[in-house]
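Asker: just need the structure, nothing else, for what follows:
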Amino acid sequence: MINRKIRMGMVGGGIGAFIGEVHRKAAFLDGHIELVCGAFSSNPEKCIESGKELYLPEERCYASFQEMIEKEALLPEGERMDFVAIVTPNHVHYPVAKLALENGFHVMSDKPATLNLAEAVELAELTKKTGLYYGLTHAYTGYPMVKEARKMIADGKLGKIRKIVVEYPQGWLATSLEESGQKQADWRTNPKTAGISCCMGDIGSHCESLLEYMSGLEITDICADLTTFVDGRVLDDDGNVLIRMNNGAKGILHASQISVGEENDLNIRIYGETGGLRWSQMEPNTLWVTSLDKPEEKWRAGTGYLSDIANHNTRLPGGHPEGLLEAFGNLYRNLAACILDRLNERESSEANLDFPTIVDGVRGMAFIEKVVESSNSDQKWLKLEI
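Answerer: Residues are numbered from 1 along each chain as shown. Coordinates of the predicted model:
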């Protein structure tokens with residue numbers, strides 16, 4: 001029986017990279033994953049310097065992701081990386097994931113999956129062909145109370161879903177921050193690195209992921225209005241979308257990066273025939289549940305009355321806050337458990353298989369492209385077809 005840590009290689013995430021550090025901390029949280037190699041920067045000197053800060057030997061710090069994947073594939077199974085974490089701007093996601101899958105490595109990628117829908121579809125086909133795991137870090141799906149809400153809805157505790165309202169307001173791009181050289185703003189507002197959308201591609205995609213994951217439903221129709229408020233900016237920084245779901249439910253999806261004073265307020269409200277619920281990322285350990293015939297209930301993470309799936313994704317007793325790193329960590333822990341099961345030729349549990357995959361990535365890219373198409377069209381409603 002194989003019993004060891006799962007070995008991770010990382011592409012991107014060098015010195016000063018915000019999201020790379022988040023991914024590493026999340027991956028290491030449960031002690032099941034270790035970083036063994038990386039191509040942390042397109043600058044070889046910066047890559048080696050980053051590797052030193054992470055206590056990696058210089059020979060496992062590669063000048064490019066191509067070199068890393070090709071050389072790691074030549075190492076013995078007990079030494080080479082098991083999966084690649086991709087923490088780069090959007091335009092690099094596809095080539096890294098494709099090469100990794102072609103060389104037998106599992107993938108964990110930052111979202112959105114790719115630069116466009118065609119690339120995501122190709123990765124889905126390649127993942128199916130190779131049988132390898134592909135995880136996508138829509139980290140908000142990793143929160144325990146999101147999973148509790150999903151279970152409630154699946155069990156019919158709200159009745160048939162009628163209405164969904166999901167919003168994600170931020171204010172950090174209310175000015176032309178990209179002109180100051182701020183790296184995060186620069187690549188997100190650049191079509192070459194971000195793709196066809198800034199706001200909807202960056203955070204609207206989280207809204208789409210959360211509402212479909214939590215409700216168990218799929219978006220079928222879209223009516224969108226995107227706006228670029230900041231002068232000189234090419235991509236959208238605000239968007240409003242009317243949605244129709246495959247069960248007849250109606251919804252509103254709003255994402256904005258020019259809402260002055262807002263931090264990171266992803267929140268969702270779901271209403272059924274007999275009940276409703278609401279959850280906010282800025283108060284993630286609480287789920288508010290409403291019913292027709294009794295007072296509003298406040299459900300809390302880390303308590304004995306929650307479902308098994310919520311408890312599986314909770315590390316601490318009630319009253320001890322868990323946040324984004326833990327939610328990220330749940331996705332990494334589950335992927336690592338599945339890889340270890342694969343090494344031991346055994347089936348993985350439903351709980352460990354509970355992380356976003358390339359299937360979700362394809363739906364996310366289709367959503368982004370259809371929202372942009374809808375906003376540019378004179379047609380009121382467009383079908384979201386994959």
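Asker: how deep is residue 290 tucked in, by neighbour count?
Answerer: 17 (other C-beta atoms under 10 Å). Placement of C-beta: from N, CA and C, glycine included.
Asker: residue contacts, it?
Answerer: Shown in contact with residue 290 (C-beta atoms under 8 Å, 6 or more residues apart in numbering): 275-277, 296-297.
Asker: most neighbours among the residues you listed, which one?
Answerer: residue 277 (24 neighbours).
Asker: surely that one is in a helix?
Answerer: No. Read with DSSP: H, G, I helix; E, B strand; the rest coil, residue 277 is strand and lies in no helix.
Asker: the residue most central in space within the chain: what's its closest spatial neighbour, skipping adjacent residues?
Answerer: For the chain, the residue nearest the mean C-alpha position is residue 138 (1.6 Å; C-alpha atoms, centre = their mean). Nearest residue to residue 138, sequence neighbours excluded (C-beta to C-beta, 6 or more residues apart in numbering): residue 209, at 4.1 Å.
Asker: just to be sure, the one you found is in a strand?
Answerer: No. Going by three-state DSSP, the assignment for residue 209 is helix, not a strand.
Asker: can you pull the contacts of it?
Answerer: 111, 138, 140-141, 356, 360, 364.
Asker: all strands of the chain, in order?
Answerer: 6-12, 33-39, 83-87, 106-109, 134-136, 161-169, 219-227, 238-245, 250-256, 267-272, 275-280, 286-291, 297-300, 382-383 (DSSP state E).
Asker: so how far is residue 355 from the closest residue to residue 38 other than its chain neighbours?
Answerer: Sequence neighbours aside, residue 10 is the residue nearest to residue 38 in space, at 4.3 Å (criterion: C-beta to C-beta, 6+ apart). With distances taken as C-beta to C-beta, to the nearest Å, residue 10 is found 18 Å from residue 355.
Asker: the more surrounded of the two?
Answerer: Taking neighbours as other C-beta under 10 Å, residue 10 and residue 355 compare with residue 10 leading, 31 against 24.
Asker: quick one: contacts for the more buried one?
Answerer: Counted by C-beta under 8 Å, 6+ apart, residue 10 has contacts 20, 23-24, 35, 37-40, 84-85, 87.
Asker: count the residues that sit near the residue nearest to residue 68 when sequence neighbours are not counted.
Answerer: Computed as C-beta to C-beta, 6+ apart, the closest residue to residue 68 that is not its neighbour in sequence is residue 62, at 3.8 Å. The number of residues packed around residue 62, counting by other C-beta under 10 Å, is 23.
Asker: dump the residue contacts of residue 62.
Answerer: Contacts of residue 62 by C-beta under 8 Å, 6+ apart are 37-39, 47, 68, 71.
Asker: next one: residue 185
Answerer: 172-173, 177-178.
Asker: and residue 272, what's its pLDDT?
Answerer: Here, the pLDDT recorded for residue 272 equals 98.
Asker: any idea how far residue 306 is from it?
Answerer: 20 Å.
Asker: could you do residue 213 as well?
Answerer: For residue 213, the distance to residue 306 - C-beta to C-beta - is 17 Å.
Asker: more neighbours: which of these two?
Answerer: residue 306 (22 against 19).
Asker: so that one makes contact with residue 149?
Answerer: No. Using C-beta atoms under 8 Å, residue 306 and residue 149 do not qualify as a contacting pair, with a distance of 10.8 Å.
Asker: ok, residue 242 - contacts?
Answerer: Taking C-beta under 8 Å, 6+ apart as the test, what residue 242 contacts is 222-224, 250-253.
Asker: which of those residues are buried? Put it as a ChimeraX command.
Answerer: To isolate the buried ones among the contacts of residue 242 in ChimeraX, judged by 16 or more other C-beta atoms under 10 Å, type:
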select :222,223,224,251,253
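Asker: turn the contacts of residue 242 into TSV, columns for pLDDT and distance to residue 384.
Answerer: Output for the contacts of residue 242, formatted as TSV (pLDDT from 0 to 100; distance: C-beta to C-beta, whole Å):
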residue	pLDDT	distance to residue 384
222	98	6
223	98	11
224	98	11
250	98	14
251	98	12
252	98	16
253	98	12
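Asker: just the CA coordinates of the helix or strand bottoming out on mean pLDDT in the chain, formatted as CSV?
Answerer: Least confident helix or strand of the chain, by mean pLDDT, DSSP states H and E, is helix 44-53 with a mean of 90. Provided in CSV are the C-alpha atoms of helix 44-53 (Å, rounded to 0.1, in the frame of the first residue of the first chain):
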residue,chain,number,x,y,z
PRO,A,44,14.9,32.0,-15.0
GLU,A,45,16.7,34.0,-12.3
LYS,A,46,13.4,34.9,-10.6
CYS,A,47,12.3,31.3,-10.8
ILE,A,48,15.5,30.1,-9.0
GLU,A,49,15.2,32.8,-6.4
SER,A,50,11.6,31.8,-5.8
GLY,A,51,12.5,28.2,-5.5
LYS,A,52,15.2,29.0,-2.9
GLU,A,53,12.7,30.9,-0.8
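Asker: list of residues touching that helix?
Answerer: 13-15, 38-41, 57-58, 60-63.
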